[in-house]
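Engineer: Build me a model from this:
(6 chains)
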4 protein chains.
Amino acid sequence: MLRHDAAIVPQEAARAARSDARRRQILGAAVPLMERSGSPAVSMQAIADEAGVSVGLIYRYFASKQELVQAVTEGVLDEMRRLLAEALEPEQDPVRQIAGAFAAYCTVIREHRQAVMLTYREANTLGEAGRGVVKDLEIRTVEPLRSAVDAAVEQGLLRPIDAGIFSYDLLTVAHSWALKHWYFAPRMTFEEFLRGQTALLLSTAILPEHRDRYTDLLGDLV
Amino acid sequence: MLRHDAAIVPQEAARAARSDARRRQILGAAVPLMERSGSPAVSMQAIADEAGVSVGLIYRYFASKQELVQAVTEGVLDEMRRLLAEALEPEQDPVRQIAGAFAAYCTVIREHRQAVMLTYREANTLGEAGRGVVKDLEIRTVEPLRSAVDAAVEQGLLRPIDAGIFSYDLLTVAHSWALKHWYFAPRMTFEEFLRGQTALLLSTAILPEHRDRYTDLLGDLV
Amino acid sequence: MLRHDAAIVPQEAARAARSDARRRQILGAAVPLMERSGSPAVSMQAIADEAGVSVGLIYRYFASKQELVQAVTEGVLDEMRRLLAEALEPEQDPVRQIAGAFAAYCTVIREHRQAVMLTYREANTLGEAGRGVVKDLEIRTVEPLRSAVDAAVEQGLLRPIDAGIFSYDLLTVAHSWALKHWYFAPRMTFEEFLRGQTALLLSTAILPEHRDRYTDLLGDLV
Amino acid sequence: MLRHDAAIVPQEAARAARSDARRRQILGAAVPLMERSGSPAVSMQAIADEAGVSVGLIYRYFASKQELVQAVTEGVLDEMRRLLAEALEPEQDPVRQIAGAFAAYCTVIREHRQAVMLTYREANTLGEAGRGVVKDLEIRTVEPLRSAVDAAVEQGLLRPIDAGIFSYDLLTVAHSWALKHWYFAPRMTFEEFLRGQTALLLSTAILPEHRDRYTDLLGDLV
DNA sequence: AATGAATGAGTGTTCATTCAT
DNA sequence: TATGAATGAACACTCATTCAT
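Structural biologist: You can find the predicted model right below:
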């Protein structure tokens, strides 16, 4: 019996691995297409062609187009969250943690503008369940930022602002490099955007008596 | 000849007026449908039914669905701009002008959440030309805010912040009541959102020596 | 107002007439195809081609394939009923009425073997509602036969047989010229089938004292 | 060589036995599915799942779905024939043989209504060859009935009726408990159906001078 | 100016069949 | 022998667009 199991289990593991690879292959084809044109404009045939598989095979891995769109959106959001978590650098000072996280967000968003726009576009076409997942993922994404803000307030570095509002504003403004790219990009470089927004938003929050410690972040707005 | 002209011109004017009424009738049917479901999910037949006209007639006023979607989007944006302009109250103090404009934006957005989301959704499906119009309209929308910021900086009430960035951040944050409604709405009332955001964003910018004059706007964050 | 109505009503009547003609055109194409191959084997495209219209147009007149199949089946059954009613000759003697109706049934069935088989095949693929209509039509079809049997029993010409069973047996046996055509056709002519079955089934029922009056129907079986 | 053969032959027999078991396993899964829904509505995957084998394996035993449908139909017909042969009780009197066979037919049909309907439905979708087998099986099925009728006629118990017609009518009427179940079932019990039809059909055929011997069969219709 | 019948290309989805393992 | 992943043609159905009236 043990031998039997020993023979079976790796076989099943191999199958699961192949199956996972297929899913990734299909999603990998679908993501850029949907980033470019939005899910309604992308046909299953186009995805199949891009992935180099047949239409029928997609339906072996995703029950419907709706489910595929859902998986694409969640995948993109999860990837964003992962990248953001990864981009965070360890930092003792909570204010510098906030600034670092904001910079990390902006940098990742700069590299994945299409992905950000996809999440805004598709979030509304998803069903109720799908929307729930999207929300959860976004809240988990903001989490590091939020806890840094909480810590900074607790340590008396920031005014007693609402961490929920402030961290979401930071995320929203970071997203605006993608959503309002046509506005910002012709007017400033990404670095100027990042520096300007950091100064603008942080100068809000830092208590006057601690500003001197963050002149590098606040620039002209000390 | 003169008489002829005299007879024709009003006739043409009447025709133009009727034509305009038809356009508005069709757009008036299309807007709520597309706000609810997004343009790809709304068929020309559905719009015709809603408007009480035939499909064929729509094509007499809009060359294609694409063009109708464009007109819907522009119409919504223009309506937003108009409403915002209208909501602005005359105000001498530029800082209070900013606060007033932001409050006006938020209030209008609160009443037209679907419209805001439509502009984000459709903006990316429009062609290059369409996108240009959208951008122009948005810039014209921010204009009152921007010039108030400029004036406030000039009068030495605000730090020397970039008016372009700051006014766009204000717009973006106002939009977030629509875009992130699922996040904010369960956590606070609209009034709390408005008061909190106003204090948060303005406290950034107002120079310390002038803060006392705006304690009503800054709340706990003076 | 009257003049207005006078202008409108014929217009609508004309439209209804055209619409009816279209329905008939589509059904006229669908019926022989489905008689030949059964509804699942006939594609909407094939029906459209046969009718010389586009697929889309079919859906203007029938909401779904299911509904079209239903209409085809009902149409065939109704046509059968109509033909049978038409083939009935006025006849005083109820026994001769029965024989005449049976002969009429067989004759119509002989000309529409495919149609009979279609009704047997499709009846089971129809939904509950559809099945109801089929049953009603069949019961209405047997009605003339049934009332003739009732009359004959009442007048003491037949034994006290169950008219419901007997008339349905007559229908079933008439159908068997279509359903078991491969069996009967090589063994006898249609006339032999008709004469044989009439004698066989009627000799059952006629009371001995009246048999002499029907020697022409009973043949060797008097 | 002999030893080789001796080793091979049982091996081949074992293989054939296994192969037969597989066929039965697959058919056993396909029959109820197709009885319920008709062959076009049953996918090969569904049959494989029901049988607990893979799709591929089905194709090792049946060259195509068509062939499987054929085998299912033949299997059902053959099973019907077997059951009917089995249900026949030894009986000296040919008239009682006829009545017994008819009762046996009706009883088996009552238990296998779906199977009967399947044979009517599928018979027309089979190819020419398939139809041939179906016919042969049906003729073999009627055979006991037919020879009983022949014997009864020869012994002077029945009028000189055509045994081919009469035995087929008996089969057809027996089938009508399945085909017209919606009509008969709400109007009478199965026992009433059987008794009524037996009396009705036999009273046709039995010569007057012998009727007294069969009052139990003829009921009111003696 | 206005209608809506008509088109047909295109969509998402299914499923009989094959074949590498 | 047995699997089930993979194929792709076919299906029912939709809808932007046209055009005779």
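Engineer: interface residues of chain A facing DNA strand F?
Structural biologist: Within reach of DNA strand F by Cβ under 7 Å from any atom of the strand, chain A has these residues: A:Arg15, A:Arg18, A:Ser19, A:Arg22, A:Val53, A:Ser54, A:Val55, A:Gly56, A:Leu57, A:Tyr59, A:Arg60. To be clear about C-beta, it is placed using only N, CA and C from the backbone, and glycine gets the same treatment.
Engineer: In ChimeraX, select just the buried ones from those residues.
Structural biologist: Selecting the buried subset of the residues of chain A next to DNA strand F in ChimeraX, with 16 or more other Cβ atoms under 10 Å in any protein chain shown as the burial test, is done by:
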select /A:22,53
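Engineer: filter the residues of chain A next to DNA strand F down to the ones close to chain B.
Structural biologist: Among those, no residue is within reach of chain B (Cβ under 8 Å from any Cβ of the partner chain).
Engineer: Out of the residues of chain A next to DNA strand F, which comes closest to C:Arg195?
Structural biologist: Distance to C:Arg195 across the residues of chain A next to DNA strand F (Cβ to Cβ) is lowest for A:Gly56, with 58.1 Å.
Engineer: Does chain D have contacts with the helix or strand hosting that closest one?
Structural biologist: Here A:Gly56, judged by DSSP states H and E, is contained in helix A:55-61. No: shown here: helix A:55-61 not in contact with chain D (Cβ under 8 Å from any Cβ), separated by at least 11.2 Å.
Engineer: Quick one: check that helix for contact with DNA strand E.
Structural biologist: Yes: contact of helix A:55-61 with DNA strand E (Cβ under 7 Å from any atom of the strand) involves A:Val55, A:Gly56, A:Tyr59.
Engineer: Spatially, which two of the residues of chain A next to DNA strand F are the most separated?
Structural biologist: Taking Cβ to Cβ, the two most distant members of the residues of chain A next to DNA strand F are A:Arg15 and A:Val55; they sit 22.2 Å apart.
Engineer: Run the chain-centre distance for the worst-scoring helix or strand of chain A on mean pLDDT.
Structural biologist: Across the helices and strands of chain A, mean confidence by mean pLDDT, DSSP states H and E is lowest for helix A:2-37: a mean of 80. The chain centre lies 24 Å from the centre of helix A:2-37; the measure is Cα atoms, centre = their mean, to the nearest Å.
Engineer: what does stretch A:191-210 give?
Structural biologist: What separates the centre of stretch A:191-210 from the centre of its chain is 22 Å, taken as Cα atoms, centre = their mean.
Engineer: hmm, back to that, and the helix holding A:Gly56, what does it pack onto?
Structural biologist: Judged by 3 or more Cβ pairs under 8 Å, 6 or more residues apart in numbering or on different chains; DSSP states H and E, the packing partners of helix A:55-61 are helix A:2-37, helix A:44-51.
Engineer: Assess the claim that A:Phe166 and A:Ala205 are in contact.
Structural biologist: Yes: between A:Phe166 and A:Ala205 there is a contact under Cβ atoms under 8 Å: 6.7 Å.
Engineer: Closest residue of chain A to chain D?
Structural biologist: For chain A, the residue closest to chain D is A:Arg60, as judged by Cβ to the nearest Cβ, at 11.2 Å.
Engineer: Could you measure from that residue over to A:Ile26?
Structural biologist: As judged by Cβ to Cβ, to the nearest Å, A:Arg60 and A:Ile26 stand 10 Å apart.
Engineer: quick one, helices of chain A?
Structural biologist: With helices called from DSSP state H, chain A shows them at A:2-37, A:44-51, A:55-61, A:65-87, A:94-111, A:113-123, A:128-154, A:163-179, A:181-184, A:190-205, A:215-218.
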